[in-house]
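Trainee: Give me a model of this one.
(chains A, B, C and D)
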There are 2 protein chains.
Amino acid sequence: MSSTQTTKERIVFASAELFRRQGYTGTGVKQIVAAAQAPFGSLYHHFPGGKEQLGEQVIRIAGGMYGELVAAVFDPAPDVVTGTEQVFTLAAQHLAESDYADACPIATIALEIASSSEPMRIATAEVFEDWLEKIASRLAAAGIDPADARVLALTTLSLLEGAFVLCRAARTTDALLAAGTQAAAAVRAALES
Amino acid sequence: MSSTQTTKERIVFASAELFRRQGYTGTGVKQIVAAAQAPFGSLYHHFPGGKEQLGEQVIRIAGGMYGELVAAVFDPAPDVVTGTEQVFTLAAQHLAESDYADACPIATIALEIASSSEPMRIATAEVFEDWLEKIASRLAAAGIDPADARVLALTTLSLLEGAFVLCRAARTTDALLAAGTQAAAAVRAALES
DNA sequence: CGGGCACTAGATAGATCGCTCTAGCGGGAG
DNA sequence: CTCCCGCTAGAGCGATCTATCTAGTGCCCG
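Mentor: Below is the predicted model:
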């Protein structure tokens, strides 16, 4: 095993990066082990369920890490309105810096497999639900009615995911910046009601 | 040629349906010609550029048809606020009726190929841009400042696309209904300013 | 009626797919 | 030391992928 990362970790991280950019079906297992600098056999030792089990793990792990990354941007903000805005602004910046490759780590997979792999579909649903609860709990803590907070979390996450789609297609950050402004405005409006 | 549809049309429509459900890389050309009840050779006769050229055409044609479908829902509405709401409501209904398969016809492809096929990426960008202009022109015609209308179109389409992602993953229409309410509210607010 | 062309039809090539298999390495337990 | 076992390592299998190639069909135009 490597000094800093185990083979299993390298496989997961390499897969996460490739899946995010090219999707699940568009990435081969040979390509994964090459990128991870791992032997082919190791993949099936660590993931006896094959590519699908690996995909499920990648969804959960990458989803969890992205949730923490967003929280690390959101939580230090002075208030939930500017926190919301900053998440979108930084997402736009990160997207542009990665040559419009690194958007949501699981959205591409989610759309691809929603109708063909039930284990992976459930994994994406649970990650999204985890994010929604994190967002809603922060909004509720700021004084928004819990029922409103849930709806607001749904629209905020929809704005983010949808803007990612438009921005990757257009190679612009317009949609993310517009979405961030509207998301922040909606949070402000909910606080004032 | 068939009585109602040419072989080329059957190939395009079958591809559109399969791409929407399983994505571009997840659909094989064998599967396409089987679904289209077309001979294998015909595909490469009509699309000498192969699968990528077919994909590009599918994006443009399916994108154009979806734009018209949305317009057919939006335009008869008494005002732009209820028109906006109805687009989301009907999208939710259609999604549930198709067992959460038929969402945006090009979003899955757009995410998959954004970083790997420039011709197809440009096709998705042009379809999205066409939709944005259609939305913005209707909002501007209702009395919203053109610059605001553009931003509002970006957020409305982001809401729709993002909600599609969440709804297909969760097999619920929650996100689409919440997004529709917020989109309508944002249009109403823009009208009153 | 005969020639040309758009299209149909599918066999097949060559590469790549996910996956299985056996062999070998290396460190800890008895 | 010796045995065991988690892990590395990669050759190779059958299936499937996209794309090409040749042959055949049938309609339109001269």
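Trainee: low-confidence ranges in chain A?
Mentor: A:1-3 (pLDDT under 70).
Trainee: Can you show me the CA trace of stretch A:14-27 as PDB?
Mentor: Presented in PDB, the C-alpha positions along stretch A:14-27 are these (Å, rounded to 0.1, in the frame of the first residue of the first chain):
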ATOM      1  CA  ALA A  14      -9.800   8.100  -9.800                       C
ATOM      2  CA  SER A  15     -13.300   6.700 -10.600                       C
ATOM      3  CA  ALA A  16     -15.000   9.700  -9.000                       C
ATOM      4  CA  GLU A  17     -13.000  12.100 -11.200                       C
ATOM      5  CA  LEU A  18     -13.600  10.100 -14.400                       C
ATOM      6  CA  PHE A  19     -17.300   9.500 -13.700                       C
ATOM      7  CA  ARG A  20     -17.800  13.200 -13.000                       C
ATOM      8  CA  ARG A  21     -16.300  14.200 -16.300                       C
ATOM      9  CA  GLN A  22     -17.300  11.400 -18.700                       C
ATOM     10  CA  GLY A  23     -20.100   9.600 -16.900                       C
ATOM     11  CA  TYR A  24     -20.400   6.100 -15.700                       C
ATOM     12  CA  THR A  25     -21.000   4.200 -18.900                       C
ATOM     13  CA  GLY A  26     -18.400   6.300 -20.700                       C
ATOM     14  CA  THR A  27     -15.700   5.200 -18.300                       C
END
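Trainee: tell me which parts of chain A are close to DNA strand C?
Mentor: With C-beta under 7 Å from any atom of the strand as the criterion, chain A comes near DNA strand C at residues A:27-31, A:40-41, A:44, A:48, A:50-52. All C-beta spots, glycine's among them, are computed from the backbone N, C-alpha and C.
Trainee: Let me know whether residue A:183 touches residue A:158 as I believe.
Mentor: No - between residue A:183 and residue A:158 no contact is recorded; they are 9.5 Å apart, counting by C-beta atoms under 8 Å.
Trainee: Let me see the contact set for residue A:152.
Mentor: Residues near residue A:152 by C-beta atoms under 8 Å, 6 or more residues apart in numbering or on different chains: A:135-136, A:139, A:144, A:186-187, A:190.
Trainee: which SSE is residue A:112 in?
Mentor: helix A:107-113 (DSSP states H and E).
Trainee: quick one on the thing from earlier: out of the contacts of residue A:152, what pair is the most spread apart?
Mentor: Comparing every pair within those by C-beta to C-beta identifies A:136 and A:186 as the most remote, at 13.4 Å.
Trainee: circling back to that earlier point, would you mind checking which of the contacts of residue A:152 is nearest to residue B:166?
Mentor: Among the contacts of residue A:152, residue A:135 lies closest to residue B:166 (C-beta to C-beta), at 12.1 Å.
Trainee: Name the nearest residue to that closest one, ignoring sequence neighbours.
Mentor: Leaving out its chain neighbours, the residue that sits closest to residue A:135 by C-beta to C-beta, 6 or more residues apart in numbering or on different chains is residue A:153, at 3.9 Å.
Trainee: do you know how far that neighbour is from DNA strand D?
Mentor: Distance of residue A:153 to DNA strand D, given as C-beta to the nearest atom of the strand, to the nearest Å: 38 Å.
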